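> from the sequence below, what's the structure:
(4 chains, ligands or ions: 4)
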Protein chains: 4
Amino acid sequence: MTSRADRDAGGDIRSRKLRHIEACLRHDVDYTTRTTGLERYDLPYSALPETDLASVDLSTRFLGRPLRAPLLIGAMTGGAELAARINRNLATAAQQLGVGLMLGSQRIMLARPEVTSSFAVRDLAPDALLIGNLGAAQLNKGYGAAEVLRAVRDVEADALAFHTNPLQEAVQEDGDTDFRGLVGRLGEVIEAVPFPILVKEVGHGLGAGVATRVAEVGAAAVDVAGAGGTSWAKVEQYVRYGAVRHPELAEWGLPTAQALTEIRRALPGFPVIASGGIRTGTEAAKALALGADVVAVARPLLRPATESADAVRAWIENFLWELRVALHCTGCGDLPALRALNLAPPAQ
Amino acid sequence: MTSRADRDAGGDIRSRKLRHIEACLRHDVDYTTRTTGLERYDLPYSALPETDLASVDLSTRFLGRPLRAPLLIGAMTGGAELAARINRNLATAAQQLGVGLMLGSQRIMLARPEVTSSFAVRDLAPDALLIGNLGAAQLNKGYGAAEVLRAVRDVEADALAFHTNPLQEAVQEDGDTDFRGLVGRLGEVIEAVPFPILVKEVGHGLGAGVATRVAEVGAAAVDVAGAGGTSWAKVEQYVRYGAVRHPELAEWGLPTAQALTEIRRALPGFPVIASGGIRTGTEAAKALALGADVVAVARPLLRPATESADAVRAWIENFLWELRVALHCTGCGDLPALRALNLAPPAQ
Amino acid sequence: MTSRADRDAGGDIRSRKLRHIEACLRHDVDYTTRTTGLERYDLPYSALPETDLASVDLSTRFLGRPLRAPLLIGAMTGGAELAARINRNLATAAQQLGVGLMLGSQRIMLARPEVTSSFAVRDLAPDALLIGNLGAAQLNKGYGAAEVLRAVRDVEADALAFHTNPLQEAVQEDGDTDFRGLVGRLGEVIEAVPFPILVKEVGHGLGAGVATRVAEVGAAAVDVAGAGGTSWAKVEQYVRYGAVRHPELAEWGLPTAQALTEIRRALPGFPVIASGGIRTGTEAAKALALGADVVAVARPLLRPATESADAVRAWIENFLWELRVALHCTGCGDLPALRALNLAPPAQ
Amino acid sequence: MTSRADRDAGGDIRSRKLRHIEACLRHDVDYTTRTTGLERYDLPYSALPETDLASVDLSTRFLGRPLRAPLLIGAMTGGAELAARINRNLATAAQQLGVGLMLGSQRIMLARPEVTSSFAVRDLAPDALLIGNLGAAQLNKGYGAAEVLRAVRDVEADALAFHTNPLQEAVQEDGDTDFRGLVGRLGEVIEAVPFPILVKEVGHGLGAGVATRVAEVGAAAVDVAGAGGTSWAKVEQYVRYGAVRHPELAEWGLPTAQALTEIRRALPGFPVIASGGIRTGTEAAKALALGADVVAVARPLLRPATESADAVRAWIENFLWELRVALHCTGCGDLPALRALNLAPPAQ
Ligand SMILES: Cc1cc2nc3c(=O)[nH]c(=O)nc-3n(C[C@H](O)[C@H](O)[C@H](O)COP(=O)(O)O)c2cc1C
Ligand SMILES: Cc1cc2nc3c(=O)[nH]c(=O)nc-3n(C[C@H](O)[C@H](O)[C@H](O)COP(=O)(O)O)c2cc1C
Ligand SMILES: Cc1cc2nc3c(=O)[nH]c(=O)nc-3n(C[C@H](O)[C@H](O)[C@H](O)COP(=O)(O)O)c2cc1C
Ligand SMILES: Cc1cc2nc3c(=O)[nH]c(=O)nc-3n(C[C@H](O)[C@H](O)[C@H](O)COP(=O)(O)O)c2cc1C
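Ligands and ions are numbered 1, 2, ... in the order given. The predicted model follows:
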């Protein structure tokens, strides 16, 4: 049942979501001074590998699903007409290339069921790992297992990711800023639903502390969504003020490499998605060598996704080609070999 | 009693003070190459805090007075007409926001009692922590407990801060450059007056050595006024030569973060004001996490203070909003939690 | 016997080789962000050496041949008319100055015997150490001892260097990317031929791991051809796309200084050529002090070589003069003294 | 007795010396990438010193002579008309301020006695410490005790400094590049003359090794003349080619701070002049705090010296004022206190 207030919220969200997309397309919303930290690692080049580039094998499994490459398209959008087009293009490419797809926040869909179709891309990607999305802070606003079940069922997703984004919400006008008691509520939801629940940031980084707490209540994986790529405290400032008024907030967060390595140390076997500023196959190779199960990429795919599935596919193919070259020239024929590299921590 | 020589000095001081304000408004008088060092610290971002931004509590006590936020408006001015306006605007804002106010040097007021009103803002800030100001070097020029008592009584202050500024005085034309024996004289004054005496620099930094010596003779607190913000060796060169002739002197001093941390180590429980280059709520949060009791901000408030109390208030509110976000997104609901963070020293 | 397919390949190679030369002359194909690492070492200046600049002795031996200076002209070209001119000029200068000469890849010569003359410069350099060149990856495409013998015999070389270049081949259109089993095949060739076989990279660096493996199967020396000079992943991108599309690949590799020092540590007495970004006599002196037997220089000699033997000689003489000054002002009268310096690893 | 060849050499030297002065006035001949290293040290600022700026005492003794400040005017010139003017202006200022004066190379004076007057400034500086100058390499060209005695006697100097400058000579056209056996010859001269002999570089640095060797044969002091200020390998390239063709040579040398500290460690009590890139009183204070007995400044005084003694005096007074401020604001009343500071080695 959708209340009047909820429907209104839906309208607000829709226009805010469009402003987000606009800001992401128009402004330089990447971090300016903070980097992912991946640039400090160096893949060991091998002048005489025991591999053939043509035979490098990128396949893996994640959350029980096979992937032809260790890549998820990052959570972005849904709701408006433009969002529907974006999601269709992403889903088509995901299916063709055998990579996963994370949907954008489905809160608007729960508020206004008529926009469900903008999220429902299972027909275009019957085999893809498909992950729904909701905000963790909503668990303090009345959401519970029922909403989560609906979100996943209505789009035939395989799993759902909760984004937890205190800085984004703080900077957002009228953001949801009460994060008290969420871990407990997450645990209740996880108990109540039959599919995996993931927890992700949106670009300011989720580290070992949070990963440990959500793993304890049953989360199936985390997505670090670390600092160094899209800064949501920056996007929200552009949306709110048309400028960056609080530069230090825009640059705040846990860098992707640091989030990843500290989680790997604390929770050796726990499934981790590395994202936040992953832009090239070389960076993906480093993240995987540091122990990520898969990587995710969001904003670089936004513009191609407004164009066509082919544009998305071209971007991803180029990305995966470089990833394959990276494996070959470190002498790694597949992902287990890459992970066994034991990348040295940066010298300096 | 005000002698003729004193009155003349008063006139000189007044015009010098105006030239200071002018230089501070017109030139870039911040350090160019030396920074506060706070930028090397990183607040630990928490993706899943146990806090609600709306409930973050900034209140604290300093020198026995309650503050709604851990902020003092830094010592700036007094004497001239413009100074009176500045002080009224600062005082009004201090009262409204529940923060403290440090007055500028009252030497001119002692020399020319008729300018007392430019300092006397107690009526506008009945509840604010109000701190008077005199130069420590004056203790070698005949000042003693009598002058200190008058300075505090005539403006109904709660305490008095002595500024000790050998580099500023050295660069100033006809500055007071005899600093011998001042600690002993400070001790005598402290013995003789019934209110707390603080010691502060003016932007070149006061470290553990000096803090220890003045704590031993009974000082109630120190204000590090460290390097990285306004450089008074630079201001004085602009006033004297219209240019910076001795760049290394302009860049000399103990950075704020270093002064603060070395004092915290040497004197764990001693009241410390962190100032010098504190420009944002994020920097304030770092200083507080490093153990400062409160922070002080001077020059950024100068221009708003020439405009209106509202302009001052707007600046401070924006500053405190960012401070609140910084607490929330590190998962700290109040200042004790922030101080317990135990900020790691910079990696590099 | 030259098959039709081979001849076609020959034509392709020839035009590709010309495009390489063109790219090397026109674009800035040096690494942009990665350096050789030699700049981090400092030659110890001696204000009072026990040497006379005029008597500094640069002579040495390499692969059993005497050299008047520890320099090889790097492997570059052959095949086309332009290439013939380049090789004649390089050979003439090598003979005059008593330095060595490495030829460019002779694959085209094996495919199209009529271009042999463009490589055959022994008449111009009867006394020079002359080293032939083939791609290691060809050993997976049918090449073996027979081809190697022909390559060396037809140009009267003293030795042959196999280049191993997985990154260059990966970026090259239709590159040879199967590097499996090459070490074994190298060993077989080495067994079968009566002259020394070297292994070199082409500018992305060959380190201790590969050096150890090829030393074990009998290689006579390695040329580190490290990162920091000409980046072949960059050259190939200019040739293929007219631009650098994969900047991280263009910047990938093991820096020359690092390759050299790790090989020196792993294989103390093994003959090593330091190359990749060696541009000045000072850099040569550092590489020799770090344990290189000789240095090699490729791209800086390309333009002079298109002009005249005199231009090549002038470049080398200037280079060797600086090398001599470097020895003199560190107080070293000859190369053994330079090597005994025991250059300290970089402070930072 | 002056031979014909000697006289010709004299003419050559004279015009070369003028070209040196010209190059030093016109081009930026300071090091570009290498610094003195003094910038890495920090004088400890004291907010509450026990000193009075007006009473800071800079007086000291060097080579048995009293100095009103620990400064020598660096060795520069002599021979031509312009040189005579320069030396007169320098000498007049030295006398007025009570600092020392090092003359430029007197080789030309030995070759052409008629130019002696351009060096003979004792009448203008009856009380100044006056130090003659010759090139150490001349000891391999027939010079010995006789020439040294004449050089000192004819200008009534107190001592003589031998400059040892293998890099400058190497870059200079027809430079004297035979440095073999010089330490022994130096020792013979030292034995044979009744005044102190110093050894100095000219801007590329003289470190602990050379200092130890010359101390052993009786040298009275060394002047490190370290890298970071005027680069003579740069000056000579401008004179010879009109441009810098060998940038690494122009940037080569032992930085002043490093030369000084390593000598202090090796020879704790040995008299040391710190020079090379000393440009301000702050830098002088650091060098003295690191253990230098006095500092020397050359090139910054060249232009004032072409103008007037007053211009020289103004430059030095400004320099000494900053030195005094540096002492005062570290709480040091005199040079022994400054030396006792025990400057911490740079953090990074
Ligand atoms: C246009 C856009 C919309 C996004 N919307 C969501 C969202 O609804 N839910 C979410 O969890 N993350 C969202 N994100 C965050 C991304 O999933 C990702 O965590 C973040 O952008 C960092 O990755 P990147 O640097 O590759 O962009 C969005 C990102 C973009 C660029
Ligand atoms: C215009 C102006 C006037 C000042 N006058 C005084 C003063 O009279 N007494 C004093 O102790 N400090 C004075 N200060 C120094 C400040 O209190 C403060 O220590 C210093 O400016 C560093 O802080 P900031 O970087 O936030 O400006 C003055 C600062 C300014 C900008
Ligand atoms: C125009 C050109 C052609 C080259 N051709 C070959 C080649 O055929 N075989 C080879 O082993 N290396 C070849 N190289 C690589 C060089 O031998 C050398 O390893 C590399 O350029 C790094 O050295 P540098 O930085 O001094 O140029 C070539 C280099 C250049 C500039
Ligand atoms: C114009 C000029 C001429 C110089 N001539 C001599 C000289 O004749 N003998 C000598 O020992 N040093 C000579 N020097 C070197 C200086 O004494 C000094 O060692 C060097 O310039 C480094 O100091 P600086 O950085 O303060 O210039 C000369 C320097 C200059 C600028």
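
> show me what from the stretch 51-200 of chain A comes close to chain C.
Residues of the stretch 51-200 of chain A found near chain C (C-beta under 8 Å from any C-beta of the partner chain) are A:51-54. Just so you know, the C-beta spots here come from the backbone N, C-alpha and C atoms, and that holds for glycine as well.

> okay, those residues in CSV with secondary structure and pLDDT next?
Below are these laid out as CSV (DSSP: H, G, I helix; E, B strand; the rest coil; pLDDT from 0 to 100):
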residue, secondary structure, pLDDT
A:T51, coil, 98
A:D52, strand, 98
A:L53, helix, 98
A:A54, helix, 97
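
> count of residues packed around A:G98?
Other residues near A:G98 come to 17 when the count uses other C-beta atoms under 10 Å in any protein chain shown.

> likewise for A:E216?
Residues near A:E216, counting by other C-beta under 10 Å: 10.

> next up, the contacts around it.
Applying C-beta atoms under 8 Å, 6 or more residues apart in numbering or on different chains to A:E216 gives no contacts.

> hmm, stretch A:301-317 touching chain C?
No. With C-beta under 8 Å from any C-beta as the criterion, chain C is not reached by stretch A:301-317; the gap is at least 12.0 Å.

> if we ignore the residues flanking it in sequence, what's nearest the residue most central in space within chain A?
Nearest to the mean C-alpha position of chain A, counting by C-alpha atoms, centre = their mean, stands A:G74 at 3.8 Å. Using C-beta to C-beta, 6 or more residues apart in numbering or on different chains and skipping the chain neighbours, the partner closest in space to A:G74 is A:A298 (2.9 Å).

> list the contacts of the one you found.
By C-beta under 8 Å, 6+ apart, the contact set of A:A298 is A:73-76, A:229-230, A:275.

> picking up where we left off before, quick check: the residue nearest to the centre of chain A touching A:P300?
No. Contact criterion C-beta atoms under 8 Å: A:G74 and A:P300 do not qualify, at 9.0 Å.

> thinking again about what came up before, out of the contacts of A:A298, list just those in strands.
Judged by DSSP state E, these include A:73, A:275 as members of strands.

> return the member of the contacts of A:A298 nearest to ligand 4.
A:G229 (47.6 Å; C-beta to the nearest ligand atom).

> isn't the closest one up against A:S275?
Yes. A:G229 is within contact range of A:S275, at 7.5 Å (criterion: C-beta under 8 Å).

> more neighbours, those two?
A count of neighbours by other C-beta under 10 Å puts A:S275 above the other of A:G229 and A:S275, at 31 against 27.

> list the contacts of the more buried one.
Neighbour list for A:S275: A:72, A:74, A:200, A:223-226, A:229, A:256, A:295-298 [criterion: C-beta under 8 Å, 6+ apart].

> let me have those residues in JSON lines, extended by distance to D:A285 and secondary structure.
Shown next, in JSON lines, are those (distance: C-beta to C-beta, whole Å; DSSP: H, G, I helix; E, B strand; the rest coil):
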{"residue": "A:L72", "distance to D:A285": "60", "secondary structure": "strand"}
{"residue": "A:G74", "distance to D:A285": "56", "secondary structure": "coil"}
{"residue": "A:K200", "distance to D:A285": "55", "secondary structure": "strand"}
{"residue": "A:D223", "distance to D:A285": "55", "secondary structure": "strand"}
{"residue": "A:V224", "distance to D:A285": "49", "secondary structure": "coil"}
{"residue": "A:A225", "distance to D:A285": "51", "secondary structure": "coil"}
{"residue": "A:G226", "distance to D:A285": "46", "secondary structure": "coil"}
{"residue": "A:G229", "distance to D:A285": "47", "secondary structure": "coil"}
{"residue": "A:T256", "distance to D:A285": "45", "secondary structure": "helix"}
{"residue": "A:V295", "distance to D:A285": "54", "secondary structure": "strand"}
{"residue": "A:A296", "distance to D:A285": "56", "secondary structure": "strand"}
{"residue": "A:V297", "distance to D:A285": "55", "secondary structure": "strand"}
{"residue": "A:A298", "distance to D:A285": "55", "secondary structure": "coil"}
